[in-house]
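# After the sequence you'll find the predicted model.
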Amino acid sequence: MTHTKPRVTADDLASMKAHAKQVVAYNRAVAAAPSAEKVAPSFTAVQLASMAGISRSTLENRRKKGDLPDGHEAENRRRLFTLPEAQAWVRAYRKDQLRPVDAQCAVITTGNFKGGVGKSTTAATLAQGLSLRGHRVLVIDTDPQGSITSLMGVAPETLSDEQTVLSISTGDEVSLAGAIQKTYWSDIDLVGAAPRISAAQFHLPARTIKDGDDFWSVLAKGLTAEIRANYDVVVIDTPPALDYLTINAFYAADILVVPLPPSAMDFVSSTQFWDLFVELNQSFSEYGLIKDYSFVNVLLSRVDSNDAAAGLVREWISEAYGKYLLPVEIPTTAAAKTAAAEFGTVYDSTIAQQSARTYRRALDAYERLVEIIEGQLVRVWKGGK
């Protein structure tokens with residue numbers, strides 16, 4: 001009996017790839033994001049009052065004055081406010097928390113050399129949560145997978161090289177200004193990512209060899225004074241690897257956020273992350289650079305309350321990271337999983353979905369995280385005057 005050797009050809013792989021892309025395209029369309037247009041949420045008067053930190057009576061009295069957006073009446077006679085309208089109200093009542101005009105824009109980088117820890121979701125929710133508090137945000141995606149690009153309503157495969165960090169990595173551009181685009185979420189702009197930005201791993205070191213450019217500071221220099229003047233905060237998402245783009249993102253950062261699920265393997269991996277991270281900063285010093293950060297944060301993410309072993313790992317993490325561990329945990333909930341399946345976050349949920357208890361658990365955790373990070377931003381702004 002003759003046996004045929006199993007064989008998977010290049011044509012087979014090409015066929016599989018094409019079919020996989022069709023499945024992705026279909027499910028994006030069904031979820032209405034990101035290939036279909038995403039729609040920003042609306043807010044009830046109760047939600048708006050809470051966001052602005054005022055009472056309902058104060059809101060109604062101010063609305064009658066007519067100097068702030070009036071919203072519109074929905075079918076059930078409930079008054080709703082669009083996202084830009086809500087942001088106008090928030091800025092009017094949270095002036096003491098906004099960036100002073102003479103303060104520098106701050107940069108937050110989320111990073112972890114291990115995938116699947118909630119890095120991109122953390123970055124996206126930070127961007128959305130901060131914008132809901134009145135801040136203007138620029139999101140920069142340095143991960144070729146383009147996860148946060150998708151969360152921001154943009155399909156990575158639609159981007160040209162000029163709309164990504166590749167434009168400055170090659171040296172064709174010095175500034176990221178031409179790569180910035182609007183998103184469906186007002187006050188969040190985007191420099192997106194696509195698989196082709198992997199080429200930066202070749203261009204950046206080549207520029208150092210050829211022209212003597214500092215490969216680690218290309219992104220920081222790309223955030224020119226003109227760009228920084230237009231935003232209160234920049235949020236950078238990184239790939240799960242220590243590569244040239246990650247190094248650039250770390251070098252540009254004022255604040256680091258490192259998501260860490262409470263599992264034994266993730267914990268062990270995190271110690272290796274810090275080994276490489278410290279070596280990276282020591283290598284900066286060899287070039288006469290001292291890279292300090294305003295804040296370094298370890299965030300417990302994807303916490304499963306039903307996982308008995310997680311409690312023990314939590315203790316390890318707390319002992320290991322001490323003051324750097326944030327006093328908030330991001331839970332794994334059905335609401336968060338549903339949002340992710342629809343290429344969104346808990347902040348994208350509809351008013352109807354927001355009644356679910358699991359939604360409140362997830363939102364409360366992210367709101368606490370945003371509150372903490374905003375407090376750090378305020379300190380960075382005041383210290384950077």
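Great, that's in hand.
# Scan this protein for its longest helix.
Taking DSSP state H as the criterion, the chain has its longest helix at helix 357-383.
# Going by neighbour count, which residues of it are buried?
Applying a neighbour-count criterion of 16 or more other C-beta atoms under 10 Å, one finds 358-359, 361-363, 365-370, 372-374, 376-378, 380-381 buried in helix 357-383. For the C-beta atoms, the positions are set from N, CA and C on the backbone; glycine is no exception.
# same check, this time on stretch 196-205
So, applying 16+ other C-beta under 10 Å, buried residues of stretch 196-205: 197-198, 200, 203-204.
# Can you give the distance of that stretch from its chain's centre?
Distance, stretch centre to chain centre, for stretch 196-205: 22 Å (C-alpha atoms, centre = their mean, to the nearest Å).
# Name the SS class of residue 40, please.
At residue 40, secondary structure determined by DSSP: H, G, I helix; E, B strand; the rest coil is coil.
# distance of it from residue 283?
Distance, residue 40 to residue 283, using C-beta to C-beta, to the nearest Å: 42 Å.
# Tell me which of the two has more neighbours.
Comparing residue 40 with residue 283 by other C-beta atoms under 10 Å, the one with more neighbours is residue 40, at 19 against 13.
# and the residue most central in space within the chain, what element?
Closest to where the C-alpha atoms of the chain average out (C-alpha atoms, centre = their mean) is residue 123, at 2.0 Å. Take DSSP states H and E as the rule and residue 123 turns out to sit in helix 119-132.
# Check residue 80 too.
strand 79-81.
# which element follows the one helix or strand residue 301 maps to toward the C-terminus?
Per DSSP H and E, residue 301 falls inside strand 295-303. Towards the C-terminus, the helix or strand next in line after strand 295-303, according to DSSP H and E, is helix 308-321.
# could you point out where this protein is predicted with low confidence?
The model of the chain has pLDDT under 70 over residues 1-36, 335-336, 338-342, 351-355, 384-385.
# who does the strand holding residue 301 pair up with?
strand 255-260 (parallel), strand 325-331 (parallel) (DSSP bridges).
# Give me the buried positions along the longest one.
Spelled out, that is strand 325-331. For strand 325-331, by 16+ other C-beta under 10 Å, it's 325-326, 328-331.
# And for stretch 80-99?
For stretch 80-99, by 16+ other C-beta under 10 Å, it's 80-83, 85-91, 93-94, 97-99.
# And it, end to end?
End-to-end distance of stretch 80-99 (C-alpha to C-alpha, to the nearest Å): 28 Å.
# Show me how far it is from its chain's centre.
For stretch 80-99, the separation from the chain centroid amounts to 21 Å (computed by C-alpha atoms, centre = their mean).
# likewise stretch 101-116?
How far stretch 101-116 lies from its chain's middle: 8 Å, per C-alpha atoms, centre = their mean.
# Identify each buried residue in that stretch, please.
Judged by neighbour count (16+ other C-beta under 10 Å), stretch 101-116 contains these buried residues: 103-114.
# what comes up buried for stretch 132-146?
In stretch 132-146, counting by 16+ other C-beta under 10 Å, buried: 132-146.
# before we move on, what about stretch 60-69?
Buried positions in stretch 60-69, judged by neighbour count with 16+ other C-beta under 10 Å: 62-63, 68-69.
# of the residues you listed, closest to residue 209?
Of all the buried residues of stretch 60-69, residue 209 sits closest to residue 69, with 54.2 Å by C-beta to C-beta.
# where along the stretch 1-150 of the chain do the strands fall?
Ranges of strands within the stretch 1-150 of the chain are 43-44, 72-73, 79-81, 106-110, 137-141, based on DSSP state E, counting those that start in this stretch.
# what's the angle from the last one to strand 106-110?
Yep, that's strand 137-141 we're talking about. With axes from the mean of the first three to the mean of the last three C-alpha atoms, to 10 degrees defining the directions, strand 137-141 sits at 40 degrees from strand 106-110.
# And residue 240, how far from residue 77?
Computed as C-beta to C-beta, the residue 240 to residue 77 distance reads 48 Å.
# Neighbour count: these two, which is higher?
Between residue 240 and residue 77, counting by other C-beta under 10 Å, residue 240 is the more crowded of the two (19 against 6).
# from memory the more buried one sits against residue 113, does it?
Yes: here residue 240 reaches residue 113: they are 5.8 Å apart, a contact under C-beta atoms under 8 Å.
# returning to that earlier point: which of the buried residues of stretch 101-116 sits closest to residue 317?
Out of these, the member with the shortest distance to residue 317 (by C-beta to C-beta) is residue 112, at 13.1 Å.
# From residue 261, how far off is that closest one?
Taken as C-beta to C-beta, the span from residue 112 to residue 261 is 10 Å.
# For residue 188, give me its contacts.
By C-beta atoms under 8 Å, 6 or more residues apart in numbering, the contact set of residue 188 is 127-128, 131, 137-139, 152.
# Just give the closest residue to it, not the sequence neighbours.
Once flanking residues are discounted, residue 188 sits nearest to residue 137: 4.8 Å by C-beta to C-beta, 6 or more residues apart in numbering.
# follow-up on the earlier one: so which elements touch the longest helix of the chain?
Contact analysis of helix 357-383 by 3 or more C-beta pairs under 8 Å, 6 or more residues apart in numbering; DSSP states H and E lists strand 106-110, helix 119-132, strand 255-260, strand 295-303, strand 325-331, helix 334-341 as its packing neighbours.
# what's in contact with the fourth one?
So that's strand 295-303. Applying C-beta under 8 Å, 6+ apart, the external contacts of strand 295-303 come out as 117-118, 122, 254-262, 270, 310, 314, 317, 321, 324-326, 328-332, 369, 372-373, 376, 380.
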